Structures are given as C-alpha cells and as structure tokens.
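Asks: Generate coordinates for the sequence data below:
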Amino acid sequence: MNRTVYFIVLPFFILAFGYWLLSIQGFWPAALVNGRPIFLRDWEENVRASKQFYSAQNIQSQLSKINFEGEESEKNIEKIRSQILNAMIEDKILHFEYKKSGGAELEKKVAERLSSVFENRNQSNLNQGIALLYGWDLSEFKNRILEPRALREILEEDSQKDHRDFDEFLKTVKQGASVFIFLTDFKWDKDKLEVVKR
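Replies: Reported below is the predicted structural model:
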C-alpha cells in the first residue's frame with residue numbers, strides 16, 4: 001500500500017475506535033447545554049435510580065403505584081426518561097446562569113443550605129435510606145439531587161425577593177440556551193423537551 005492510503009485509512013480507524021470507546025464507556029453525550037455535556041451514562045444512572053426509587057415506593061405504598069411491568073411499563077419508563085432528561089437540562093441551564101451571575105455568593109448559599117439539611121441527622125440511617133431508595137451513597141445523592149435542588153430553591157427565593165416570577169425567568173433562560181439533543185427519542189423545541197413520536 002502506498003503512503004497516501006495510510007494517511008486516509010488511519011484517521012478513519014482512529015475516529016471509529018474513539019467513537020466506539022466513548023460510546024462503550026458512557027462518555028457519549030446525551031445532550032449539550034450551552035456547550036456543556038450531559039453524559040449518557042449520567043442520564044442512564046439517574047433513570048435507573050429513579051426507577052429504583054419508584055419501585056421502593058411501590059413496595060411501601062399501594063396508593064400511587066407506578067408499574068414497570070406489563071402494558072404500562074413502556075409508557076412509564078418513557079415518561080421517567082423524559083422527565084429526568086428535562087430536569088438535567090434545566091439544572092445545567094440554571095447552573096450556567098448561576099455561574100454568570102454571582103457564582104461565589106450562590107455557592108456559599110448552596111453549601112449553607114446543604115449543611116442545614118444534614119444537621120442533626122443520623123448519618124448511618126441516612127446512608128442506608130439513600131442506598132435503599134436510590135442505590136447511591138450520600139456524596140452521589142448530594143451531587144445528583146440535593147445540589148441542583150438547593151440551587152433551584154435559592155434562585156426561586158431570590159426571584160421572589162426581586163418580585164420576579166421564577167417560572168418566567170426559567171422560561172426566558174431556557175429559550176436563550178443552546179441545547180442540542182443527541183438522543184433520537186427526544187428533541188429540544190425552544191424552551192422544552194419533546195418526545196419524538198415513532
């Protein structure tokens with residue numbers, strides 16, 4: 001083979017190997033939000049934990065049972081997948097906005113809010129409960145659930161103090177965000193995630 005063929009074929013194989021490695025390891029993005037990735041593995045892990053949470057709730061209560069078996073399972077799983085991705089996109093957008101506007105002060109408020117949550121709590125029981133409901137340890141629960149929720153609550157409170165409607169603020173920043181979805185089941189339409197019908 002001559003050298004020209006090597007220079008054409010070698011980059012193709014490197015790119016194919018890189019794509020394969022990224023997709024196998026879960027580093028392939030599910031979405032890009034303002035240039036920041038939401039990795040497929042993180043989204044899948046949040047969906048798995050959500051299903052575990054609802055399954056644990058189903059065991060304890062027959063009132064609001066979510067079915068993951070039978071005819072309704074596909075619809076329920078699709079709904080959870082959509083809600084989780086939408087929440088992760090909103091969290092990325094809010095995190096981006098928070099970094100733009102006084103990140104250090106908000107970071108301090110988030111840390112204070114989280115420390116108050118864990119005050120006077122039995123760490124052993126807390127760890128067991130989180131492991132049972134989500135399959136995570138306390139650190140992962142804090143990163144995936146509590147920090148984004150605390151940030152959202154603080155931004156909502158700040159909006160109320162400034163006499164602004166938080167939902168309007170969120171809608172405006174979502175419309176201004178650059179969101180690209182890599183998953184074929186979903187698309188981003190201006191300010192909301194939509195399920196693509198097949």
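Asks: And for residue 118, nearest residue in space, chain neighbours not counted?
Replies: Using C-beta to C-beta, 6 or more residues apart in numbering and skipping residues adjacent in sequence, the residue nearest residue 118 is residue 126, 7.4 Å away. Where C-beta positions appear, they are placed from N, C-alpha and C, glycine not excepted.
Asks: and the gap between the one you found and residue 159?
Replies: For residue 126, the distance to residue 159 (C-beta to C-beta, to the nearest Å) stands at 30 Å.
Asks: Next: residue 192.
Replies: 20 Å.
Asks: same thing with residue 115?
Replies: Going from residue 115 to residue 159 by C-beta to C-beta gives 23 Å.
Asks: For these two, indicate the residue with more neighbours.
Replies: More crowded of residue 115 and residue 159, by other C-beta atoms under 10 Å: residue 159, with 16 against 9.
Asks: where's the more buried one, which helix or strand?
Replies: For residue 159, the element it lies in under DSSP states H and E is helix 147-161.
Asks: Run through who's touching that helix.
Replies: In this structure, residues lying in contact with helix 147-161 by C-beta atoms under 8 Å, 6 or more residues apart in numbering are 87, 90-91, 94-95, 97-98, 106, 109-110, 113-114, 117, 165-166, 169.
Asks: What segments of the chain are helices?
Replies: For the chain, applying DSSP state H gives helices covering 3-25, 40-60, 73-100, 103-118, 123-134, 138-141, 147-161, 166-176.
Asks: Quick check: which of those is nearest to residue 31?
Replies: Nearest of those to residue 31, taken as C-beta to C-beta: helix 73-100 at 6.1 Å.
Asks: Could you list the low-confidence segments of the protein?
Replies: Within the chain, the stretches with pLDDT under 70 are 1, 5-6, 13, 16-26, 58-68, 102-103, 198.
Asks: Out of the contacts of helix 147-161, which comes closest to residue 139?
Replies: Nearest member of those to residue 139, counting by C-beta to C-beta, is residue 114, at 11.5 Å.
Asks: okay, now the residue nearest to residue 118: neighbour count?
Replies: 14.
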